[in-house]
Every structure is written in C-alpha cells, then in structure tokens.
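# here's a sequence, model it:
(2 chains)
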Amino acid sequence: IMSLFGEVPQATPVAVFKLSNDFKEDANPKKVNLGVGAYRTDEGQPWVLPVVKKVEKIIVADNSLNHEYLAILGLPEFRSSASKIALGEDSPAIQENRVGAVQCLGGTGALKMGAEFLRRWYNGNDNTKTPVYVSAPTWENHNAVFANAGFEDIRPYKYWDAEKRGLDLDGFLGDLESAPKHSIFVLHACAHNPTGTDPTHVEWMQVAEVMKRRKLFVFFDSAYQGFASGCLDKDAWAVRYFVTQGFEMFCAQSFSKNFGLYNERVGNLTIVARDSDNLKRVLSQMEKIVRVTWSNPPSQGARLVAITLNTPELFAEWWDNVKTMADRVLLMRASLQAKLQALETPGTWDHITQQIGMFSFTGLNPKQVEYMIKERSIYLMASGRINMCGLTTKNIDYVAESIHETVVNVQ
Amino acid sequence: MSSSWWSEVQMGPPDPILGVSEAYKRDTNPKKINLGVGAYRDDQGKPYVLSCVRKAEAQIAAKKLDKEYLAIGGLGDFTKACAKLALGDDNEVIKSGRNITVQTISGTGSLRIGANFLSRFHTEARDVYLPKPSWGNHTPIFRDAGMQLKAYTYYDPKTCGFDFQGALNDISKIPEKSVIMLHACAHNPTGVDPRPEQWKEIADLVKKRNLLVFFDMAYQGFASGDIDRDAWAVRYFIEQGHNIVLSQSFAKNMGLYGERVGGFTVVCKDAEEAKRVESQLKILIRPIYSNPPMNGARIAATILNTPDLYKEWLGEVHGMANRIITMRELLVANLKKEGSTRNWKHVIDQIGMFCFTGLKPEQVERLTKEFSIYMTKDGRISMAGVTSGNVGYLAQGIHAVTK
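Below is the predicted model of the structure:
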C-alpha cells in the first residue's frame, strides 16, 4: 500500500543535541563538551543538588502523597512560591492580588503557554500578524516556540555587538523605537543566552522607558535566576523594576538550571495583570489552552520545588547550592581569562569575565569553531558559544591552549 | 497606563469534566459521592498508589540517577516497553523497526502531538471522525491543531449499547483518507466496546474506505483486566495491514495520573520512513516543551522491564478491573432491591471505568442537587468512584430520579 507518510522529509537535527551526540562518539580522551547548557561539577559530572536529594527522601517517606492529577494550572503552592522568587516576597503586585501563574513544562512550556495566550487574546483575537521580537542572537528555540504558536512575523532586535563584544544599546533602543506599537518583545531577565551579556540597571531603565511609551509587550524569559550572580534577588532586578514601572507582563521561569531539575520539566509562567479581575479572566483562558496541550502538568518536580521554597531551612540550603554553582562558573571565567592573557592570545578576552551566567560568547568564528571540534575535540556551538560549566580545573589548560592555537592558526 | 491589555478577554467556561470535581469539593454533605473524573478509587474511596509503583520508586531512589535532560523523544527504556505493551512482544512491526514511539505528556499530550503531526503532514484530508459520543477533550484538541471534526454513529441510547449497523453505515460514507478515531477498549464515556467479530467488520470496512486509523488506548488492562485482551483490536488492525497511529496513557492502568506518562506511536511502511517520521515528531515536540518529564516514565519503564514488578502490576490491574466489575454487579443488584423495574443490564455489559447510565440531564441535576451525587451531565458515571460503602445510597438516588 502507498504510505500516507511517503512524502515526509527527514528533518535536520536540533544543533545542540547533535553536538552532544558527536561528542559522545568522539574517542579522543582529551575531549571537552562545551555545548549543551547544563551544570557540571569540577569532575565534569552532572550535579544533583544536595537539597534536592534531601527533599526527594522527604517525598518518598511521605505516605500521604500520591500520584493524583494536579489542577490544570498546576500545584498552587508551587505557582505562588515560584512567582515570589521572581517578583520578590514583598512585591506590591503580589500584595495587590494581581499576580497569577501557570505551572508549565519547563521554561519552554512557560514560553509556549504565554505565546499561545498572546496569539489568541493580546491585542484583539488574532495576533498572528503581531510582530514578536527576539534578541539577535537568542536561544534557538525562541523562534520555533512563537512560530508554532501561530505568530507569522518574528523579527530580531539588535542586541549583540560582535565588534566591541558587548551590548549594542543604541541598536536595541533604536529597534524599540521603530517597532510597531503593541509588538511583543522577548527579554532575557539575566544571564543572556547565548551571549552572557546583560544590560546594566541604567540600560534596563532606558529600555523600560521606551517600552512603556510605545506600548510594547514585555515577555521576560528567566531561565537562570540565581545562576548569574549567585544571588536570586540581584538576578531578578530587571523583572522587578519593570513591575514597579506598572507593566502588565509575562515572565517565563525555568527551574531546570537553578534547581538542577532539568528532566522533571519544572517551569512557571508568572502573569502580572492590572488587577485581580483581569487576572482571573486571563487564568481561565490559560486553562483552556493547557487542557488541549497537556491537560495538567507533572507533579514530581513542582512538589519538590514547592517543599523547598516553602521550608525555611531548605530554602536557605537551596540558596547555598545555587551560589555553589554560580561561584564555580565565576572561578572558571576568571581562570580562563587569566590563562589566555598569560598565553598572550591575540585579541582581548575581558568579555569572558564581564559576561555573566552559564554561557560565554567567545568571539570565535565558524571556521575557528570547526577547528576546535575537528582538531582539538573541543565541542562548542557554531556561534562560538561555550558553556562555562564544561570547564574544570583539569581541562582548562587544554582549552586555553586550544583557543590560543586556534586563534593563531585559523582566521 | 490605567487600562489593561486583557479587558477584552472573556471569562472561559469551566471544564465540564474537571468542573464536576471542583463542585464536589465545595459540597459539605457527608454522603456526597464523586462519580465525575475518571481516576480509580479503592473500596474506601481513596486514591490507590499501586504497590508495584512504590517498589519501582524505591528501586529508582536507590540508583541515585542524575536529572539530565531526556532526549526529545523521551526515555528509550520506556518507549520500547510502551510499544511492546501495546503491540505484543513478538510483533512484526517492532521487530522490523517500522514503528516510532515517542514519550508524551500522558494521553492528552499524545493526542496533541498526533493531531499536530497529522495537521502538518496528512494534507490530503483535514477531517477527523470521532465516535458519537467521544471523550470531551478530543474535539478541542484536534480543532486547536487545525483539524476539522466530524462524527460517526456509535452509541445507541435505546439499548445503551453499540449501534453496530449505524456505525457501519456512517463509516461506509466517510471520504477516503480521512482520519477515523477508534477507542481501543473501554470506550469513554459510554463503556460500550465492539465485540471481536464486530471489530473485524469495522477493520474490513475501514480498509475499503482507505481511512487513516487513530487508536486512543487510555485503558489497556483496565477494561477486562487482561492486557493482551484489551489490546486485541489494535493488534488485529495492524495484522490486517493498517498502518495506524496510536495514543497510550499510563494514567489509569499504572495510577500515574499526575506524573503524565504516555506514548505516541506511528506505524510506518518501513524503518527508513520511521526515521523520517521520528525526526519530524521531534521538530513538533521541541517548541512545546523541549523534552518530556522523567519521573513517571522511569517508574513505568522499571515496572515494564522488571519481571517481578511486571507480574505484580498485571495482578494489580486485574484487581482494579475486578473491583469495578464487582461494583457494576452490586449497583444493579441494589437497584433491583430498591424496586427499580428499569432494565439496568447495560451497567453490567459496559466495560471499563465509565458507565453511561442513560440518565437524562434533568435527572443528573436532581441527583446532584438532592443527593450530592456528582457526575457529568451526559449521565456518565465513573464506576471507580463507587464503593461497597456508597453503592446502596447511589442506587437509592438513581432509583429516586428514575422511578
């Protein structure tokens, strides 16, 4: 019989996963994986947070817990405590009962729900033509999330200045000024992926001013809170500032990195509305979208995070675990920069310590990246993005030497 | 900025099925019974965590696994076992590698991925034919994915049974290449399943009409208590050469509701096609949630792949199905005791978690208002909510509104 799927073409694999695959198959004992964004210890191993292990034991021992369905919007104590993490315990918006949340499958799921809602309800009933702006560059899945939610006009806003290896503020502000009114802007709350370059407080204030004046929609992507500076409150400064400026906004939160709960898909879409009545109606429509996508979210990860956030000693322990991860990254940054300077590698390498979070945009071009992979078995993204967590005290010399050799020999 | 972006957002209506549970929760009547959502309850009316699940969890905890992202298509140990469970260990499809099975967010997630896949790649036809009636969430899922919904006759309200001739008549008129949705077993909401000889005729007719079969199997094991028996229709269709798509849920048969464990399978022409289809499924999944949750899949895989646990699981599924069958018999016996002269045979003939009582909306409303007995407006009751402790009161209520 002729197959119904005879015409289905082979799709190209997702780049970051292909990279990990290629790394796995490489036989070189010196190989280093600076690809996918997951934390690694100094032994190069995944790290289950000590507080997570503790809470898992608590959950297993609690016979009153079962595997019943969560509500459509998720576990209430998870949603509220997660929103507090983003907005702050004493957020006036929370006190004014105009903050709500949807528990989602990871940060991706939160972006998805926000996007689906906006397409249906943001500015009239059909926002397929409403422009969505994502930073140039941005996480490669942003585009697909919004496109699949039905948005037809996804555009870049200037962000990364390759020459000066920093933020192109003028370009950014210029794009905000020229964007059609009501355009949606996806902002990285902190630790920009992939560049590691965040606006300063003053720069954020400028961004907010234009967005308010031009009625642009604020959609924060917060996947690294705590991971950037090691301090959860510091990393949430931009999100909280926008709230004080009176924006109605979305914030897609991921607990994959800061809780190390990657595979449990723990995310939260925090919604800040004008008032509780608007919030109620928004949540009721979110429920309908959830119901036709996954019905209700998975319970294990949310339960774990909720117990941690709502138990003072565990919460303190979590802060500590987060700081451990952030500190190791900062150490690797300082180390790499120092070694490149010592080697007198051509170019400037200050951006390595100036950038923040898990990633660094090295500035290596595609040819140089290919050389690193093929000749040195050091795996990084074609964009030159490296995951700092892939560096350890044991491999950092090899990586520094390799970058040196690459920059000297390949242009 | 004093106006809101959301002023024009209407209040969404409450979900008809989940809304029942919410109303039940608010009721203060000590005799209240929740026969709404389809989640299994033991004879004390309590949620039941399977013993094999607890054992699997203990085994997993001892392994000290990491929490790294799963592949987009999910946990390999799970997807392989999931396919084997549905198709049978020795199935030619699995042996030749011509199926692709991905882990999904339970049954809903599976149906959604399937709907998205068909919407994008099954461009010859936009119509999905659902049995009349079908699970309430089927329609919005397919609609949201861009498909159009149609129906074929299925339930006969006169007999509270299967309208076989009506189904065949309607199916014979379905345009070629349309998608036809079949409930593999324990039809939701009616509990009415075709008999094997009837399935054979349906399979024949569907082949003649050249329809794409989408099986929804949310209750494997739960219907008859026998895993293989409940998968008979799925396996028969494949044997007959139908390259089906299949949604599976482990919410009910493993009691893993909130862990969201499911699978979506496409039976392809050959292994090469399966690879192409797999690559496209990944492209569909990534922008929704990137990759699926580990916990439930790990539990299910451990059970399916550990002989002792698998055996224990079969026993427990059998136990759950048996309790439901017993409650069906008890309910009918109690209705007779109450003096009801109506024909309640369908309560015993129907199978699985649900019973289509035949009650009308006004009667359902009375049951809820006067007796605090909660069910969906269509007269569907979840037998899992019936216990030896409340079956008498339930019979009283049903008799009172139907005499």
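
# check the gap between residue B:149 and residue A:294 for me.
Between residue B:149 and residue A:294 the distance is 20 Å, computed by CB to CB, to the nearest Å. C-beta: built from backbone N, CA, C; applies to glycine.

# what about these two, which has more around it?
residue A:294 (29 against 17; other CB atoms under 10 Å in any protein chain shown).

# now that one: how far from chain B?
As judged by CB to the nearest CB, to the nearest Å, residue A:294 and chain B stand 4 Å apart.

# quick one, what contacts the closest residue to that residue other than its chain neighbours?
Distance criterion CB to CB, 6 or more residues apart in numbering or on different chains; nearest residue to residue A:294, sequence neighbours excluded, is residue B:105 at 4.0 Å. Contact partners of residue B:105, counting by CB atoms under 8 Å, 6 or more residues apart in numbering or on different chains, are A:105, A:293-295, A:298, B:112, B:260, B:262, B:289, B:292-293.

# now go through the residues you listed and say which are in helices.
Among those, the residues falling in helices (DSSP state H) are B:112, B:289.

# so how do I select the buried members of the contacts of residue B:105 in PyMOL?
Typed into PyMOL, the next command selects the buried ones out of the contacts of residue B:105 (criterion: 16 or more other CB atoms under 10 Å in any protein chain shown):
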select buried, (chain A and resi 105+293+294+295+298) or (chain B and resi 112+260+262+289+292+293)
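
# which ones among the contacts of residue B:105 are found in strands?
Using DSSP state E, the subset of those located in strands is A:105, B:262.

# quick check: bridge partners of residue B:247?
residue B:216, residue B:264 (DSSP bridges).

# check it and give its pLDDT.
pLDDT for residue B:247: 98.

# kindly report the same for residue A:36.
67.

# what's the neighbour count on the closest residue to chain A within the stretch 301-403 of chain B?
Proximity of the stretch 301-403 of chain B to chain A (CB to the nearest CB) peaks at residue B:384, 12.3 Å away. Residues near residue B:384, counting by other CB under 10 Å, number 25.

# which ones are touching the closest residue to residue B:281 other than its chain neighbours?
Spatial nearest neighbour of residue B:281, excluding adjacent residues (CB to CB, 6+ apart): residue B:102 at 5.3 Å. Residues near residue B:102 by CB under 8 Å, 6+ apart: B:72-74, B:79, B:113, B:263-265, B:278, B:281-282, B:285.

# can I get stretch A:254-264 as PDB, trimmed to CA atoms?
Provided in PDB are the C-alpha atoms of stretch A:254-264 (Å, rounded to 0.1, in the frame of the first residue of the first chain):
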ATOM      1  CA  SER A 254      12.600  27.700  34.400                       C
ATOM      2  CA  PHE A 255      13.800  25.700  37.400                       C
ATOM      3  CA  SER A 256      15.900  23.400  35.200                       C
ATOM      4  CA  LYS A 257      19.200  25.100  35.900                       C
ATOM      5  CA  ASN A 258      18.900  26.700  39.300                       C
ATOM      6  CA  PHE A 259      17.400  23.600  40.800                       C
ATOM      7  CA  GLY A 260      19.200  21.200  38.500                       C
ATOM      8  CA  LEU A 261      15.800  19.600  37.800                       C
ATOM      9  CA  TYR A 262      16.300  19.500  34.000                       C
ATOM     10  CA  ASN A 263      14.400  16.300  33.300                       C
ATOM     11  CA  GLU A 264      11.500  16.900  35.600                       C
END
